[in-house]
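Undergrad: Please find the sequence and the predicted model below.
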Amino acid sequence: MSKRENRPRRAAVALHYSGHGAPRITAKGEGLTAERIVAVAKENDVPISENRELAGLLSQIGLGEEIPPMLYVAVAEVLKFAYGLSGKSALDRPCDNTRRR
């Protein structure tokens, strides 16, 4: 095991992006909670991107809340990374062209 794998994880944040609005915070935690978030992601083949600074900023946002505009570019890079790992692109997602009245 490398030194990096032995270090306790400070924070982990899970995001969900539906394609509408901004990505939302779906889980967050520190220490053992962070380790569990990462373990569940791995068990479900969810791509993981490690960025301590971004995780620290995202962990200040409430659960279920959209990320603020100041983090759009950084989170877009994470989403691009995740789509790349899964072999998909943002253009592969289904488009909802229905209008709500």
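TA: Yep, that arrived.
Undergrad: Which of the three states applies to residue 25?
TA: Three-state call for residue 25 (DSSP: H, G, I helix; E, B strand; the rest coil): strand.
Undergrad: Which pLDDT value belongs to it?
TA: Here, the pLDDT recorded for residue 25 equals 97.
Undergrad: Please shift the residue numbers so they start at 19 in all later answers.
TA: Right, with 19 as the first residue, what we last looked at is residue 43.
Undergrad: wait, isn't it in contact with residue 35?
TA: No. Counting by Cβ atoms under 8 Å, residue 43 does not reach residue 35; the two are 11.1 Å apart. Using the backbone N, CA and C atoms, a C-beta is placed for each residue, glycine as well.
Undergrad: Does residue 85 touch residue 79 like I think?
TA: Yes. Assessed by Cβ under 8 Å, residue 85 is found in contact with residue 79 at 6.4 Å.
Undergrad: Quick one: residues contacting the residue nearest to residue 79 when sequence neighbours are not counted.
TA: The shortest distance from residue 79 to any non-neighbouring residue, by Cβ to Cβ, 6 or more residues apart in numbering, is to residue 43 (5.0 Å). For residue 43, the contact set (Cβ atoms under 8 Å, 6 or more residues apart in numbering) comprises 31, 32, 33, 76, 79, 80, 81, 82, 83, 85.
Undergrad: Which members of the residues you listed are classed as buried?
TA: 31, 32, 33, 76, 79, 85 (16 or more other Cβ atoms under 10 Å).
Undergrad: measure the nearest residue to residue 40 once chain neighbours are set aside to residue 47 for me?
TA: Sequence neighbours aside, residue 84 is the residue nearest to residue 40 in space, at 3.9 Å (criterion: Cβ to Cβ, 6+ apart). Separation of residue 84 from residue 47 (Cβ to Cβ, to the nearest Å): 19 Å.
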